[in-house]
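S.K.: Sequence first, predicted coordinates after that:
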2 protein chains.
Amino acid sequence: MSDEGDLERRELALLLRRLNVELDAVTARFAEVHGLNRTDVRALVAIMDAARRGEALTAGRLGEAVDLRSASVTALVDRLEKVGHVRRVRDPEDRRRVGLEMSESAMVAGAEHFGGLARDLTAAMDGYTDEELAVVRRWLEDMTAVITRHNRA
Amino acid sequence: MSDEGDLERRELALLLRRLNVELDAVTARFAEVHGLNRTDVRALVAIMDAARRGEALTAGRLGEAVDLRSASVTALVDRLEKVGHVRRVRDPEDRRRVGLEMSESAMVAGAEHFGGLARDLTAAMDGYTDEELAVVRRWLEDMTAVITRHNRA
DNA sequence: GTCGAATATCTCGATCGTCGAGAGATTACC
DNA sequence: GGTAATCTCTCGACGATCGAGATATTCGAC
C-alpha cells in the first residue's frame, strides 16, 4: 500500500468522525427546538422506532434501550408525559407493565425533523450509481463491524 | 431511479445511523473504563486535538469546543485536574488566561483507545482500491454537507 | 386455591453536572 | 491613570440520574 493511500485512509477516518459530530448535532438541534434534553430525544426515537416495528415499548424496555435505571425511566416518562409527547397505557394483559404511546404531535414533529433529513440524504445519493452505492454499503458495514468489535473487546 | 435503488438509499441512511450509535459507544466505553463522564471525554479529545495542532487550549476555548459556560468549564477542569489528566498553566503573556496541558498518562490512554480504533479502521480499508475509496470519500463529504445544512437551516 | 418468589414500576433521598449572576484579577484603550 | 473589556472562578440553585426500598401484579410449586 502506498503512503498516499494510507494518508487517504486516515482522512476517511477523520471524515467519518466529523460526520459523527454533525449527526450528534442533529439530535442536539431537535432537543433544543423542542425544549428537551438528549435523553428525552433518544427515548422518543426509541419509542418511534418500536412503533414503526409495530411494538409498543414498555417502561422497562425503554430503560434498556436508552440505558437508564427504573427510577430514571419513571422520571423520564414523567417529563415526556407532562409535555404531552407520550401517554402511559397500562397493559391489560399484565397490569404491572406500562405501555408507552407517542402522541400524534410528537410523531409529526419527529417525522418532520428526522424524516426530512432522511429524505435529503437519500436525495443526495441520486448522483451515485448502484455500483458506487454498493461500495459505500460494503465500506459502512466494514467500518461498523470494526467499531462494534472495538466496543465489545 | 428504480424503487430498489431508493430502498437501497434508505438502507444506507439507516446503516449510517447505526454506525453513529456505535461511534457514540466508543466514547461511552472510554468514559466508563476511565471513570469519566461524556463531557469529560469530549473535553480530553478537544485538548488532544488542539495539542496535535500544536495549540494549548485555554479554559475559554475549551468551553466553546464542548459548548459549556465558564462555570461548568471550571468544574470540568477541576475534575480532570483532580484525577491528574490535565494541568492548569497560567499564561505568562496574558495572566488572565489558563492554559490546559494533558498529562502524559492521559495522552497514552487516549492514543491507546482512539488511536487503536483508527488503526483498525484504516487497516480495514486495505481491501479497497483507490477508486473505491474515492467514491466513499465523495459520499461521506456529500452526506456531511447535507447534515450540516440541515443543522444550520 | 394459597403462599412465596419473581417481575414491573414507582417513591424517596442523595449525588453530580450544569447554569446564571456576579466577584476578582488582568489587560487594552483613550 | 482611569475605565471598559476580557478571562476565570465562586456561589447558590436546578435538574437528571441513581441506589435502596416500597407497592402492585403475575407466576409457579404444592
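M.R.: Happy to help now that I have it. Numbering: from 1, shown residues only, chains lettered A, B, ... in the order given.

S.K.: How much space separates the one residue in chain A that gets nearest to DNA strand D from chain B?
M.R.: Residue nearest to DNA strand D within chain A (CB to the nearest atom of the strand): A:A71, separated by 2.8 Å. The C-beta positions use only the backbone N, C-alpha and C, and glycine is treated the same way. For A:A71, the distance to chain B equals 18 Å [CB to the nearest CB, to the nearest Å].

S.K.: Have a look at chain A and report its longest helix.
M.R.: Longest helix in chain A by number of residues, with DSSP state H as the criterion: helix A:3-34.

S.K.: Next, the angle helix B:3-33 makes with it.
M.R.: 90 degrees (axes from the mean of the first three to the mean of the last three CA atoms, to 10 degrees).

S.K.: Now do the buried residues in helix A:3-34.
M.R.: A:5, A:8-9, A:12-13, A:15-17, A:19-20, A:22-27, A:29-31, A:34 (16 or more other CB atoms under 10 Å in any protein chain shown).

S.K.: and if you look at stretch A:54-62?
M.R.: Buried residues in stretch A:54-62 (16+ other CB under 10 Å): A:57-59, A:61-62.

S.K.: With stretch A:36-48 instead?
M.R.: A:36, A:39-48.

S.K.: average model confidence for that stretch?
M.R.: Mean pLDDT, stretch A:36-48: 97.

S.K.: does any part of it sit near chain B?
M.R.: No. Stretch A:36-48 lies apart from chain B when judged by CB under 8 Å from any CB of the partner chain; the minimum separation is 9.2 Å.

S.K.: Same question for stretch A:98-109.
M.R.: No. If you take CB under 8 Å from any CB as the test, stretch A:98-109 misses chain B, and the best it gets is 15.0 Å.

S.K.: and for that stretch, what are the contacting residues?
M.R.: The contact list for stretch A:98-109 (CB atoms under 8 Å, 6 or more residues apart in numbering or on different chains) reads A:34, A:44, A:47-48, A:51, A:56-59, A:62, A:77, A:84-91, A:110.

S.K.: contacting residues for the one residue sitting closest to the centre of chain A?
M.R.: Central residue of chain A (CA atoms, centre = their mean): A:V45, 5.6 Å from the mean position. Going by CB under 8 Å, 6+ apart, A:V45 touches A:110, A:114.

S.K.: A:L133 too?
M.R.: A:L133 neighbours (CB under 8 Å, 6+ apart): A:125, B:5, B:8-9, B:12.
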